[in-house]
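Trainee: Turn this into a model:
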Amino acid sequence: MRGLLHPLLCALALSGSPALAEVRAVLVGVGDYLVLDADLKGPANDVRLMAGTLAARGVPAGAMMVLTSDPSGLPAGVATGPPLRAGIMAALDAAAAESQPGDTLVFYFSGHGAQAPDMSGDEGGGHDEILLPADALGWKGAIGAVENAILDDELQEWAQGALARGVRVVGLIDACHSATGFRALGAGGVARVVEEGLLGIPEDVAPVVGDPLPPLSGEFVFLYSSQSDQRSFEYPMADGTWHGEFTLRLAQVLREAPGASWAQVLAATTEAMVQGPARQMPEGEGPLLEAQVFGEGTGATRWPVVAGKLEGGLLQGLAQGAEVAVYAEASGGEPLAVLALVRVTAREARIAGVVPEGAAWAELVSAPPPEPLALAAPVRADPDDGRDYAAWTAALPPPGPGPDLVPILVDGGVALAGADGVLDPAGPGSSPRIVAGDGETPGEAVARMLDQAAQGLRLREVLAGATGRGLTATPPLTMTVERRAALGGCGTVGEAEAFDPATGVAPCDQLWLVLKNTGGKAQDVSVLYFAADFAVTPIWPMQNLANRLAPGETTRVGLMIEEGSAAGLEEIWVLAVPADPAAPRVDLTRLAAPERARAAGTDAMSLWLEGRLDPEARSRGFTLKPAPLVMLRQLVRLTPKIAMEN
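Mentor: So this is what the prediction gives:
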């Protein structure tokens, strides 16, 4: 197994909260802009609704600061102020200073968002995302920024400071930053985005190119009102009151689902929003996504059930033969039935049998085991020196036709060679060994290792097939790899250098991937690591972080070779799926979790493959059309330090 390297992502362990943990909130609603001609009608109502919602969930009025131009109708005792930049930043700093480890900080913003050229070089896409307070002005060349705007860099610095002290951070943003994906609604809706032209940003301002900021580390969750390439909208209600679509649905779910996780809240909010005229798709990220709202523990993911179909599939880690419990609610409640999935495609699964009336949500109960591997008859590599392999040979399953692996009896144990039967092709110990753990019998060790091998090998086979072999397509993603060699241990590394696969890597070395979306459409990107012992490890995204790369955007992903790793030939898989603006982002690291996905099985994954490749060209083994799933593969040769120095 390989560890994710990003220092800021691994620096903090998730801490337990004290019994008397508190929640503080800074709520901002910007509807009346002092200079910009960009007034909105909904933010004052939004912030009022959110303050009432938090109060209903037990957040004391004295723990909330509401910055709005219209403070009427707020819970008694709430502190208020105008939504100006200085006041917003001061409120955030004060709330963070008052918070103790285990406390939760909530930052809510309803108003306009925008983009501005990145003048610090820390944005992979070349633009900073900004929020516009009431006193926001236009572009000011002297400072190279939109005057009085709040940059995402500033919010990240504030959040990381709180997270570093063990404070939890929740961000709820009802604004957008993109001018794309817009269509005429005809329903009186207003988009919450300000164009660059209105801000006076010159067309010839060139963003600074540099390294992206590392992701946040700690316990946080952020919910956004729309995808990065969509707009967020506000609408008038039947009584003429305006609200942001996201805020309205989110507040409703937060009131109705007291025991839900943030992921369940997001799912229920999304289900309500997609019925609206804009069909904007909210987004969420962060390690607390599976945690209960303002509470301890985790909540299982639930998917909507519509007309006997579950709105989740292979891309969400589900598989044919999996069992799901169906519920009437997005969280909590008693299961109405436990049913099996009989046909699973990329984003949809059909439920077997009769779905009970009122069943609207499904939760995974059990995943099917991977398709078993076929083994050859065991081969003994040791001389007949009296070693007894009877326990191991008895534990091995009977030989099967067309073997995937050849068990080799060596050094008192069992090594698994490839179908060619070559032992240790990449050096001593490079063929994985079956080793019994503490209290584990040979039979249990064999079953565990073969289960891991089946999952890893089948997943590699199916993903390689699903990507196809395009003859005319240019992949929408590029990858360059850098190596930082370890200097006397896992704590210190040398300068970055271009990675040479022929040279290989040693324990404690670091590999850094620079991934860039060179296509014209956003891509959901995942990175997996296939080890010599067949284990598949999720590398990126981790902790439910966002993994969508906009056109032209770049990200860096790092991993470190574990100390004590044996020689072997391993692989890095970079997977890209075109983003669907009408669906949540795709995170294929779920496929690496045996208890959740179990590689989905060859038969189930084949259904996905059939729908992804050109049916007319499938029999030829290639397609002239680009495959929707792109897979970039980097071989990694592990060479122990001693061998490299010799």
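Trainee: If you count neighbours, what's buried in stretch 354-374?
Mentor: 355, 359-364, 367-368, 370-371, 373 (16 or more other CB atoms under 10 Å). Glycine gets a C-beta too; all of them are placed from N, C-alpha and C.
Trainee: Quick check: phi and psi on residue 404?
Mentor: For residue 404, the backbone dihedrals (degrees, to the nearest 10) come out as phi -80, psi -30.
Trainee: Distance of the closest residue to it other than its chain neighbours relative to residue 321?
Mentor: The shortest distance from residue 404 to any non-neighbouring residue, by CB to CB, 6 or more residues apart in numbering, is to residue 373 (4.4 Å). Distance, residue 373 to residue 321, by CB to CB, to the nearest Å: 18 Å.
Trainee: Pull the residues that contact stretch 424-442.
Mentor: 391-392, 394-395, 408, 411, 413-418, 423, 444-446, 448-449, 453, 532-534, 566-569, 637-640, 643 (CB atoms under 8 Å, 6 or more residues apart in numbering).
Trainee: Buried only: go through the residues you listed for me.
Mentor: For these, a neighbour count by 16+ other CB under 10 Å gives the buried set as 392, 395, 408, 413-417, 423, 445-446, 449, 453, 532-534, 566-569, 637-640.
Trainee: follow-up on the earlier one: now intersect the contacts of stretch 424-442 with the strands, please.
Mentor: Among the contacts of stretch 424-442, the ones falling in strands (DSSP state E) are 408, 413-417, 568-569, 637-638.
Trainee: can you list the residues you listed in CSV and add distance to residue 348?
Mentor: Compiled in CSV, the ones in strands among the contacts of stretch 424-442 are given as follows (distance: CB to CB, whole Å):
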residue, distance to residue 348
408, 43
413, 44
414, 41
415, 42
416, 36
417, 40
568, 38
569, 37
637, 40
638, 39
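Trainee: Give me the buried positions along stretch 330-339.
Mentor: Within stretch 330-339, the residues that qualify as buried are 330-331, 335-336, 339, counting by 16+ other CB under 10 Å.
Trainee: Any idea how far stretch 233-246 is from the middle of the chain?
Mentor: Relative to its parent chain, stretch 233-246 has a centroid offset of 31 Å by CA atoms, centre = their mean, to the nearest Å.
Trainee: Start the count at 291 instead of 1 going forward.
Mentor: All right, first residue 291 from here; so that's stretch 523-536.
Trainee: Compute the first-to-last residue distance for it.
Mentor: Counting by CA to CA, to the nearest Å, you get 8 Å between the two ends of stretch 523-536.
Trainee: which residues in the stretch 591-740 of the chain form helices?
Mentor: For the stretch 591-740 of the chain, the helices defined by DSSP state H, counting those that start in this stretch occupy 680-685, 732-756.
Trainee: Assign a three-state SS to residue 871, would you?
Mentor: Under DSSP: H, G, I helix; E, B strand; the rest coil, residue 871 falls in the coil class.
Trainee: Tell me how many other residues crowd it.
Mentor: Using other CB atoms under 10 Å, residue 871 has 16 neighbouring residues.
Trainee: same deal with residue 349?
Mentor: With other CB under 10 Å as criterion, residue 349 counts 20.
Trainee: related to what we said a few turns ago, report the two of the buried residues of stretch 644-664 separated the most.
Mentor: The largest distance within these, taken as CB to CB, falls between 650 and 663 and amounts to 39.0 Å.
Trainee: picking that back up, closest to residue 355 out of the helices of the stretch 591-740 of the chain?
Mentor: Per CB to CB, nearest to residue 355 of these: helix 732-756, 48.6 Å.
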